[in-house]
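1. need a 3D model of the following:
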Amino acid sequence: MQNGRTIFEHYANGGSANRRWPIFSGTKSFWGIAALAAVQEGLFRLDDPVSDTITEWKSDPRKSQITIRQLLSQIDGIEGASRLQRPSIRDRNAMAIGLPSVAEPGSAFIYGPSHIQIFSELLRRKLGGRSVISYFEAHVANRLGLRDLKYKKDARGNPLPATGFELTAREWARLGELVLGNGNYHRRQIVPSNVLREAFVGTQVNPAYGLTFWLNHEEPNGREGDMERMLDLPWQNAQWSGVCICKDAPADMVVALGSHYQRLFIIPSLKAVIVRQGSGGNFSDAQFLRLVLGRME
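-> The predicted structure follows:
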């Protein structure tokens, strides 16, 4: 989509415009928007200590220092814990807040579902008994016209905010339109522009990741990286400094990224949203973007 119009749409191998497809970790970015909506409502500030709400952490020398911003940027030092995604776990929130700290807060980027699961428990407590899913639907999903989402709830009713949503390409593009609209979607404000901007600021340990969104952070003498392959490395071995998604894409591009190369590319300077969904096969973000952007110039 460019300037609000669909300029190209194609479905291969029996796909169709109405087929919902798993977006995997692309789900995280929707919950990042919910977090910013909660900031705007005054439920918390991004730099508040998590232990103000998850009081079990107060006596832990590391966990007591973690902020909500660090949780959403995945630099809190908590173990990533991909096992949280198993459907057999009865209470993901309890498991997540009990996970060990493996690095000093702010010192390492450790990708995994733990951080946003902990955030989900923090939001649950801030809501004082109101449902986290109801809050998400009222503040994000309904305003984007998204219905019947798969939350992958555990036995306690906690959603799995790290993954699970299935969307058509057109539905996923609505998140891109929200970003292009500086927090507004079809004249409905979901988050103010100054709050939304917080999502697109990288960290010292990973300049290519903001609050649940990937960034095309470019540095002189930087290198292009396959983010998915880098995430397969042990966190201690991944080198995030100087990495960008595509050197030939605008520096203001932000990306919601899911496994098996599910992608939502958002390029404010071109007023463009690009959705790519697929299963397996070879795919390169940088090569794909060079082809698409070459056509859009």
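
2. can we go C-alpha only for contacts and neighbour counts from here?
-> OK.

3. residue 256 sits in which helix or strand?
-> According to DSSP states H and E, residue 256 maps onto strand 254-258.

4. from the contact counts, what lies against that strand?
-> strand 214-215, strand 262-267 (3 or more C-alpha pairs under 8 Å, 6 or more residues apart in numbering; DSSP states H and E).

5. confidence score at the residue in the chain sticking out farthest from the centre?
-> Computed with C-alpha atoms, centre = their mean, the maximum C-alpha offset from the centroid of the chain is found at residue 59, amounting to 29.6 Å. Per-residue confidence at residue 59 stands at 98 (pLDDT).

6. ok, residue 129 next?
-> 81.

7. so which strand or helix has it?
-> Residue 129 belongs to no helix or strand, assigned by DSSP H and E.

8. quick revisit: send me the strand holding residue 256 as CSV with only the CA atoms.
-> These are the backbone C-alpha positions of strand 254-258, laid out as CSV (Å, rounded to 0.1, in the frame of the first residue of the first chain):
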residue,chain,number,x,y,z
VAL,A,254,10.2,-0.1,11.0
VAL,A,255,9.2,-3.7,10.9
ALA,A,256,6.9,-6.2,12.7
LEU,A,257,8.6,-9.5,12.2
GLY,A,258,7.4,-13.1,12.6
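
9. any chance of the helices and strands packed on strand 254-258 in CSV, with distance to residue 108 too?
-> What follows is those, written out as CSV (distance: least, C-alpha to C-alpha, whole Å):
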stretch, distance to residue 108
strand 214-215, 16
strand 262-267, 25
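
10. which of these sits most buried?
-> Greatest average neighbour count among the helices and strands packed on strand 254-258 goes to strand 214-215 (a mean of 26), per mean count of other C-alpha atoms under 10 Å.

11. next SSE after that strand?
-> In N-to-C order, the element after strand 214-215 by DSSP H and E is strand 223-224.

12. which elements pack onto that next one?
-> On the basis of 3+ C-alpha pairs under 8 Å, 6+ apart, strand 223-224 makes packing contacts with strand 243-244.

13. neighbouring strands for the strand it packs on, and are they parallel or not?
-> strand 223-224 (parallel) (DSSP bridges).

14. residues in contact with the following helix or strand past the partner strand: which ones?
-> Later in the chain than strand 223-224, the nearest helix or strand by DSSP H and E is helix 227-231. Outside helix 227-231, the residues within contact range by C-alpha atoms under 8 Å, 6 or more residues apart in numbering are 111, 238, 245, 259, 261.
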